[in-house]
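>>> Turn this into a structure:
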Amino acid sequence: MSDSVQYVTNAEGKKVGVLLDLESYQQLTNLSVDSELLIGLNLDELQALAESYLSPKAQIQLQELLVKNSENDLSHDETETLDRLLAQVDQLNILKTRARYTLNIFQNKQQLA
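All right, here's what the predicted structure looks like:
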């Protein structure tokens, strides 16, 4: 893609715009069509998100509640807490997967360039 990029400069030589060939433009604009991509995050942020975990405190609480649940010994409040933590784990896994997916798409785009 580096050969397909041209910069528009002002009278002082400052870059003020970019010209792309049609193929590069279409590749970049097609990224916004995919609602699973996490747009607006840089590669370091995506990597951090892809490798994130539940907080240690929440992980310990989840493990304790799972043990109590296997023994059928959860109170109503504990059941609600367990459900909330499991929902958080599910959402975190979805975000991590989307971050890895976005990283893969961006890395493939860079390899094509």
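
>>> which residues of the protein score low on pLDDT?
1-4, 26-32, 110-113 (pLDDT under 70).

>>> Break it down into its domains, please.
According to automatic domain parsing, the chain is divided into the following domains: 1-33, 39-112.

>>> any idea which of those is most buried?
domain 39-112 (a mean of 13; mean count of other C-beta atoms under 10 Å). C-beta coordinates here come from the backbone N, C-alpha and C atoms, glycine included.

>>> list the contacts for the most centrally placed residue in the chain?
Central residue of the chain (C-alpha atoms, centre = their mean): Ala99, 2.6 Å from the mean position. Neighbouring residues of Ala99 by C-beta atoms under 8 Å, 6 or more residues apart in numbering: 38, 41, 46-47, 49-50.

>>> now, the most widely separated pair of those residues?
Farthest-apart pair in the contacts of Ala99 is Leu38 and Gln47; separation 11.5 Å (C-beta to C-beta).

>>> what about Asp34, how many neighbours?
Residues near Asp34, counting by other C-beta atoms under 10 Å, number 11.

>>> Where does it sit: helix, strand or coil?
Secondary structure for Asp34, judged by DSSP: H, G, I helix; E, B strand; the rest coil, is coil.
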